[in-house]
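Visitor: Take a look and give me a structure for this.
(chains A, B and C)
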Amino acid sequence: MIVETPIDLELTQLSGQTSQPPWYEVDGTFSNVVDVKGNSVIFNVKQSGDFLDFTYSGDASDKQAIDKLSYIFDLDFDLDKFYRYLGNHAELAEIPEFCSGLRLFLADDPFECIISSICSANNSIKRWTKSICQIKENWGDRFGNYYTFPKSNDLLKVYLDDEGEFNSSDIQDISMCTNNLKSCGVGYRAPYMRRASEMFTDEIDLHEIFKMCYDEAFETILEVPGVGPKVADCILLYGFNFREAFPSDVWIKRIVSHLYFEGKDISVAKVREFGMEEFGKNAGYVQLYMFHYARMSGLMKKLK
DNA sequence: TCGCAGGTAGAAC
DNA sequence: GTTCTACCTGCG
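Guide: This next block holds a predicted model:
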């Protein structure tokens, strides 16, 4: 099937958004298993020019499949209109030429996004991505070559570390204990992930968060250990489609400071307030574009 | 080798 | 309220 829409699929896939690791890529075709109305459906997506060419296999109608694909890659967002918006602001005007076709890569599974985002804190894209892939392979369900992310009540049962696994099983040699969270390289974030699994199993309903206003959702998600303001905004943006979120980290701080405050040092908290106030419903996209603009244009090296 | 990587928790001003 | 510091781990 064909969807006609401007997008740079590879850029979108590899942009490090904490919704999920990139899909599995072979010769430009990106594939993964996705939930469609409770059924596991395998998608194969390829870009050719301004078209998105895709096939799917599993229990879903064409319309359901297109709707799902449109949600995950945010295909209904009007990029041209957004570029006009950027063009009308002097500070942002040259951004689009460096990341044309970049779109939000939204989470199919919000819980995966929560754990991915917790994992991303004080971490590199490469390492958190690897950790999440290992979690999927260890405890997710397999469909063909692809794995779902484990549900919170399943992740809850996973041992935290070697010692926990050793003490609770009949394994004789502790070096054989590799079926635990820390074995996935998540480090000190393991207990945060465990607690998050508890909370989203019997304290917080994921579906309720979609219905909340931004402020309520932000406060709710901040209750999860390992989730501070930056991670909370990533979860709300990539996991729950709150487009007014403006995830603010050291890089966004440097970029905003450079573009708007003559390089003056301002707190990340102030940058977040500024971004939300200044960009409104475009905040999420502006943040996404700012980060990649800085990467692609060489600004990042200059600011470091 | 040692510092850093798209921050957070906990404690101290 | 704002500022300081330790922190798993893999990679250059």
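Visitor: What is the burial count for the one residue in the stretch 1-150 of chain A that gets nearest to DNA strand B?
Guide: Going by Cβ to the nearest atom of the strand, DNA strand B is nearest to residue A:16 of the stretch 1-150 of chain A, at 3.1 Å. Where C-beta positions appear, they are placed from N, C-alpha and C, glycine not excepted. With neighbours defined by other Cβ atoms under 10 Å, the count for residue A:16 comes to 18.
Visitor: Is it correct that it falls within a strand?
Guide: No - secondary structure assignment (DSSP: H, G, I helix; E, B strand; the rest coil) places residue A:16 in coil, not in a strand.
Visitor: Near DNA strand B, which residues of chain A are found?
Guide: Neighbours of DNA strand B within chain A, by Cβ under 7 Å from any atom of the strand: A:15-18, A:120-125, A:127, A:225-232, A:234, A:247, A:249-251, A:291, A:304.
Visitor: which one's the longest strand in chain A?
Guide: strand A:39-48 (DSSP state E).
Visitor: strands paired with that one, and their directions?
Guide: If you go by DSSP bridges, strand A:39-48 pairs up with strand A:29-36 (antiparallel), strand A:51-57 (antiparallel).
Visitor: mind listing what's buried in that strand?
Guide: The neighbour-count check on strand A:39-48 (16 or more other Cβ atoms under 10 Å) flags A:40, A:41, A:42, A:43, A:44, A:45, A:46, A:47 as buried.
Visitor: just to revisit the earlier point, so which of the strands paired with strand A:39-48 is the most surrounded?
Guide: Highest mean neighbour count among these (mean count of other Cβ atoms under 10 Å): strand A:29-36, with a mean of 20.
Visitor: tell me how far that strand is from the chain's mean position?
Guide: 15 Å (Cα atoms, centre = their mean, to the nearest Å).
Visitor: Can you show me the CA trace of that strand as CSV?
Guide: Below are the C-alpha coordinates for strand A:29-36, written out as CSV (Å, rounded to 0.1, in the frame of the first residue of the first chain):
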residue,chain,number,x,y,z
THR,A,29,12.8,-1.4,4.6
PHE,A,30,12.0,-0.9,8.2
SER,A,31,10.0,-3.7,9.9
ASN,A,32,8.5,-4.4,13.3
VAL,A,33,5.6,-6.0,15.1
VAL,A,34,2.9,-3.5,16.1
ASP,A,35,-0.3,-3.8,18.1
VAL,A,36,-3.5,-3.1,16.1
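Visitor: Touching it from outside, list them.
Guide: Under the criterion Cβ atoms under 8 Å, 6 or more residues apart in numbering, residues A:9, A:13, A:22-25, A:40-46, A:58-60, A:64-65, A:68, A:72, A:108-109, A:143-148 lie in contact with strand A:29-36.
Visitor: Which members of the residues you listed are classed as buried?
Guide: Counted by 16+ other Cβ under 10 Å, the contacts of strand A:29-36 give A:9, A:13, A:22-24, A:40-46, A:60, A:65, A:68, A:72, A:108-109, A:143, A:146-148 as buried.
Visitor: touching DNA strand C at all, the lowest-mean-pLDDT helix or strand in chain A?
Guide: Within chain A, confidence by mean pLDDT, DSSP states H and E is lowest for helix A:299-303 among all helices and strands, at a mean of 84. No - contact of helix A:299-303 with DNA strand C (Cβ under 7 Å from any atom of the strand) is absent, the minimum separation being 14.4 Å.
Visitor: What is that helix packed up against?
Guide: Applying 3 or more Cβ pairs under 8 Å, 6 or more residues apart in numbering; DSSP states H and E, we find helix A:299-303 packed against helix A:250-260, helix A:283-297.
Visitor: For these, state which one has the densest average packing.
Guide: helix A:283-297 (a mean of 21).
Visitor: Return it as CSV; C-alpha atoms alone will do.
Guide: What follows is helix A:283-297, C-alpha atoms only, in CSV (Å, rounded to 0.1, in the frame of the first residue of the first chain):
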residue,chain,number,x,y,z
ALA,A,283,6.9,23.0,21.2
GLY,A,284,7.5,19.2,20.7
TYR,A,285,8.4,19.6,17.0
VAL,A,286,10.5,22.7,17.6
GLN,A,287,12.5,20.7,20.2
LEU,A,288,12.9,17.7,17.9
TYR,A,289,14.0,20.0,15.1
MET,A,290,16.4,22.1,17.2
PHE,A,291,18.3,19.0,18.4
HIS,A,292,18.8,17.7,14.9
TYR,A,293,19.5,21.1,13.5
ALA,A,294,22.3,21.4,16.0
ARG,A,295,23.6,18.0,15.1
MET,A,296,23.5,18.4,11.4
SER,A,297,24.6,22.0,11.1
